[in-house]
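K.L.:
Give me the fold of what follows.
(one chain, ligands or ions: 1)
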Amino acid sequence: MGPISSKQYDGVASKNQHDHEEIRTGLGADAIAEALIDNLRFLQAKLPRHATRNDWYMALAYTVRDRMLDRYINTVDAITRANTAVKGVAYLSAEFLTGPHLGNSLINLGIWQAAQDAVSKVGQNLVDLLEQEEEPGLGNGGLGRLAACYMDSLAALNVPAIGYGIRYEFGIFDQAIRDGWQVELTDKWLRFGNPWEIVRSEVTFNVQFGGRTEHYCDEQGRYRVRWLPEKVVKGVAYDTPVPGYRVPTTNLLRLWKAEATESFDFEAFNIGDYYGAVDEKIISETISKVLYPNDEPEAGKRLRLAQQYFFVSCSLQDMIRLHLTRGKQLKEFHLYWAAQLNDTHPSIAVAELMRLLVDEHSVGWDQAWAITQRTCGYTNHTLLAEALEKWPLPLFGKLLPRHLEIIYEINRRFLEELRVRHPDDDDLLRRLSLIDEAGEKYVRMAHLASAGSHAINGVAALHSELLKQTVLRDFYALAPEKFFNVTNGVTPRRWIVLSNPKLSALITSKIGDRWIADLEEELQRIEPFAADPAFQNDWQAVKAENKRALTGFIKERTGVVVDPESLFDIQVKRLHEYKRQHLNVLYVITLYNQLKRGLNAGVTPRTVIFGGKAAPGYRIAKLIIKLINSVGTVINQDPQVSKVLKVVFMPDFNVKNGQRVYPAADLSEQISTAGKEASGTGNMKFAMNGALTIGTLDGANIEIRDAVGHENFFLFGLTAEEAAKVKADGYNPRSVYDANPELREVIDLIDSGFFSKGDRELFRPLLESLLNRDDYMLLADYQSYVDCQQRVSEAYRDQENWTRMSILNSARVGRFSSDRSIHEYCRDIWNVKPIAIEGR
Ligand code: NBG
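P.N.:
Next comes the predicted model:
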């Protein structure tokens, strides 16, 4: 054969090119099946007949990732080619609780069916492959999951965004239950590799720690500061694509991993301390080693501040790099970037952006401050005093000496301005100061975030009001125009379409599928079917199937056999005294006592299901888990009651398990002390899936109740205002106990050792806290809760009416889609617009 002519060669190349593209980007079942084999061969190095299920999962994951990377490239291309200024969102968050990627990506790309067909072509089953995925648990609970829902909605709404955070090697611990107690196991989520990310070894930034500063004058005679750090750590970018639902936009989740800098290794090598250099490497890497569980007392503080500064510094340096690469000037930074601080965890961003602008890029202080304020927005997620971050001054100054100086300077100017406006109010100045000087001195991170942001928001209407009245009252008085409310939302893609495919199909059969992208407008169109007997039947059948599936899962994970026909009464969320899982337990024991007294004629059978992790150092929360399990053991083994009452603690509540739980619930427990739960988001997931809520007037419960109709919601308990008043008037839990025989019987039964094999000491700390302090006012709300549960039981017996209420709950909670929340952030806080991208 002669030499290949260039023409022939081009022909071959372009044919190959075509196949190649099809394999990487094709959305049909054939292309996907081919890609599976291809990826199995070239990324897993396996022949189909030797491949394990995990190999097939990996091959599918890479296949899906290819398609997302292709879209990501188009998104970036559209942004860089746009001839108008494109402003992007940087969502700064120490947590992103994404949950498993595979199912969600298939839905958003619109290739579920094609993938299912492709997978069967190669002799596998999609459900099994979905099960293979180990979820990245890079968050504690609501706050981290919210960040993930917001990333989904940003992409769905074609808003360019980067989620910036930390690539923890160990995420939130896995929970096991042994002898009724929580046991923590390390979360080795990277064990088999992570096919969803790509490492950007060239996108790295140095982050400095410790040392001291030097003040000098530059050639132009300007006052300058140089930071001489003691230590430098390198952040490396790991990118995970975030595809929008059925739109071309694909954004990025960019998480930073800490590594030792090369220069450091090199120096140590030069002085002959090879092992010392390796030690340094290990110390550097600890920064992104592990996620801190929240609600922990003191411990480990320094590393946590180091984590926060580490990811914030990498992120801001990256934003500045992108800005400059696009040929823009720093004075316009805020026109191209909106940085949202997800709670105070990233609030060091205010000082770091100032440092980067002033020290590194020679921007004048006033201009830098204007840019910083216009760029940053701050979302507060809690009013609990113990969760408001403050750093002891000595620790802060030692780790971040330059930032402490900057904070002092911000504070000096801030207080000076205040003094002009309020010359005689030293107390006001003390209250507003970024430094708490009452006793031991602290840096107040919420104050830093508030001063350095142009917008401050709470996460539900009540929470935003209380924020203005309590923790940020003085800031509100100072600048009321900075304050907003953006009620939280959750993405219907994961929390309805993926979690509850049967309900989705039923809804779509009636109103088409536009609800998935426009929940607020479209979902209400199922309301006219709420009283339609055929639709009610179908609705009930879906719920029954979901309950059967959960029944199987509970059996598998706990060994307990529950009755799928009983009322599924579910409380899943982090364990915390303010969330009052133990109030639920008090009711369960009340019901048990009633049943033992023979009051079970016409009783509504119930399965009470709990799930949630307690912070490893939170003793009372762990004791509540033990109590739930101990009560469960007694009740579930009592033949007299266990036919109509079961209590289950589902171990290891996480995103994946949440997806099994929400669709199977009849009753959603949202029973926090009014004024304590900033918003809640599980409440929204339950309601969307047709659960009715029993709840207090707290967080977003209030707005959910208004949306679904007061008659379709089980309300009990004191309001936030009433609770505050009862406290102020001298709340005495013991007198409530004395006056209520049914409550007394419950408490006394626990106290007698009945649930603890005669051990009267075990639950004493819990009972003592309830009887002597009862900070979260369980006893005050007890009777109201018990009465309300009675109404629930009665209502459940009328299945037709219950089903109607269930449908109305789903139909009317469309506004709790995170698409609505993101739309509000874009409009009110970020001033960001969607982009147009040509493409698939
Ligand atoms: C939590 C609140 C929840 C709220 C989520 C998301 C923190 C600090 N706050 O009520 O407790 O739903 O944030 O906003 O985790």
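K.L.:
Quick check: next helix or strand after the helix or strand of the chain with the lowest mean pLDDT?
P.N.:
Ranked by mean pLDDT, DSSP states H and E, the helix or strand of the chain with the weakest confidence is helix 6-25, at a mean of 58. Counting by DSSP states H and E, the element after helix 6-25 in chain order, helix or strand, is helix 29-42.
K.L.:
for that next one, which positions count as buried?
P.N.:
29, 31, 32, 33, 34, 35, 36, 37, 38, 39, 40 (16 or more other Cβ atoms under 10 Å). Yep, even glycine has a C-beta here, placed from its N, CA and C like the rest.
K.L.:
cool, stretch 648-661 as well?
P.N.:
Neighbour-count burial for stretch 648-661 flags 648-661 (criterion: 16+ other Cβ under 10 Å).
K.L.:
and the two most separated of these?
P.N.:
By the measure Cβ to Cβ, 648 and 655 form the most distant pair in the buried residues of stretch 648-661, at 19.5 Å.
K.L.:
show me what contacts the closest residue to the ligand within the stretch 401-550 of the chain?
P.N.:
Of all residues in the stretch 401-550 of the chain, residue 459 sits closest to the ligand, at 4.1 Å by Cβ to the nearest ligand atom. Contact analysis of residue 459 by Cβ atoms under 8 Å, 6 or more residues apart in numbering lists 146, 379, 380, 381, 485, 486, 487, 488, 678, 679, 699, 700.
K.L.:
how about the nearest residue to it, chain neighbours excluded?
P.N.:
Computed as Cβ to Cβ, 6 or more residues apart in numbering, the closest residue to residue 459 that is not its neighbour in sequence is residue 679, at 4.1 Å.
K.L.:
Tell me the spacing between the one you found and the ligand.
P.N.:
4 Å (Cβ to the nearest ligand atom, to the nearest Å).
K.L.:
for that residue, what are its contacts?
P.N.:
Listed by Cβ under 8 Å, 6+ apart, the contact partners of residue 679 are 142, 381, 459, 460, 463, 487, 488, 699, 700.
K.L.:
Ok, residue 549 next?
P.N.:
By Cβ under 8 Å, 6+ apart, the contact list for residue 549 reads 660, 664.
K.L.:
What's the per-residue pLDDT of it here?
P.N.:
pLDDT for residue 549: 98.
K.L.:
Extract the CA atoms of stretch 563-579 and return them as CSV.
P.N.:
Extracted in CSV, the C-alpha atoms of stretch 563-579 (Å, rounded to 0.1, in the frame of the first residue of the first chain):
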residue,chain,number,x,y,z
ASP,A,563,-46.3,-2.3,59.3
PRO,A,564,-46.4,-0.4,56.0
GLU,A,565,-50.1,0.3,56.5
SER,A,566,-49.5,2.2,59.7
LEU,A,567,-49.0,6.0,59.8
PHE,A,568,-45.4,6.8,59.1
ASP,A,569,-44.5,9.5,61.5
ILE,A,570,-41.0,10.7,60.7
GLN,A,571,-38.4,13.0,62.3
VAL,A,572,-35.1,13.1,60.4
LYS,A,573,-32.6,15.9,61.0
ARG,A,574,-29.4,16.5,63.1
LEU,A,575,-29.9,15.7,66.7
HIS,A,576,-30.1,18.8,68.8
GLU,A,577,-32.0,19.8,72.0
TYR,A,578,-33.7,22.7,70.2
LYS,A,579,-35.0,20.4,67.5
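K.L.:
Is it positioned near the ligand?
P.N.:
No: on the criterion Cβ under 6 Å from any ligand atom, stretch 563-579 is out of touch with the ligand, staying 8.2 Å away.
K.L.:
Can you give me the buried ones in that stretch?
P.N.:
So stretch 563-579, judged by 16+ other Cβ under 10 Å, has buried residues 563-564, 566-579.
K.L.:
ditto for stretch 781-801
P.N.:
781, 782, 783, 785, 786, 788, 789, 792, 793, 795, 796.
K.L.:
do the same with stretch 538-557
P.N.:
Applying 16+ other Cβ under 10 Å to stretch 538-557 flags 538, 539, 540, 542, 543, 546, 547, 550, 551, 554 as buried.
K.L.:
So which bits of the chain are right by the ligand?
P.N.:
Proximity of the chain to the ligand, by Cβ under 6 Å from any ligand atom, involves residues 142-143, 146, 343, 381-382, 387, 459, 488, 677-681, 699.
K.L.:
Turn the contacts of residue 679 into a markdown table, columns for pLDDT and secondary structure.
P.N.:
Converted to a markdown table, the contacts of residue 679 look like this (pLDDT from 0 to 100; DSSP: H, G, I helix; E, B strand; the rest coil):
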| residue | pLDDT | secondary structure |
| --- | --- | --- |
| 142 | 97 | helix |
| 381 | 98 | coil |
| 459 | 98 | coil |
| 460 | 98 | coil |
| 463 | 98 | helix |
| 487 | 98 | coil |
| 488 | 98 | coil |
| 699 | 98 | coil |
| 700 | 98 | coil |
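K.L.:
Contacts for the helix or strand hosting residue 131 next, please.
P.N.:
According to DSSP H and E, residue 131 maps onto helix 126-132. Residues from elsewhere that reach helix 126-132, judged by Cβ under 8 Å, 6+ apart: 53, 54, 56, 57, 60, 100, 102, 103, 115, 116, 119, 120.
K.L.:
and with 6 Å instead?
P.N.:
53, 54, 56, 57, 60, 102, 103, 116, 119 (Cβ atoms under 6 Å, 6 or more residues apart in numbering).
K.L.:
Let me know the angle separating the longest helix along the chain from helix 29-42.
P.N.:
With secondary structure taken from DSSP state H, the chain has its longest helix at helix 53-81. Put simply, helix 53-81 runs at 110 degrees to helix 29-42, going by axes from the mean of the first three to the mean of the last three Cα atoms, to 10 degrees.
K.L.:
Tell me which residues of helix 53-81 come out buried.
P.N.:
Neighbour-count burial for helix 53-81 flags 55-72, 74-76, 78-79 (criterion: 16+ other Cβ under 10 Å).
K.L.:
Burial check on residue 203, number of neighbours?
P.N.:
Counted with other Cβ atoms under 10 Å, the neighbours of residue 203 add up to 18.
K.L.:
Tell me how far it lies from the ligand.
P.N.:
From residue 203 over to the ligand the distance is 29 Å, taken as Cβ to the nearest ligand atom.
K.L.:
Parallel or antiparallel, list what pairs with the strand or helix carrying that residue.
P.N.:
Residue 203 belongs to strand 198-209 when assigned by DSSP H and E. Sheet pairing for strand 198-209, assigned by DSSP bridges, gives strand 231-243 (antiparallel).
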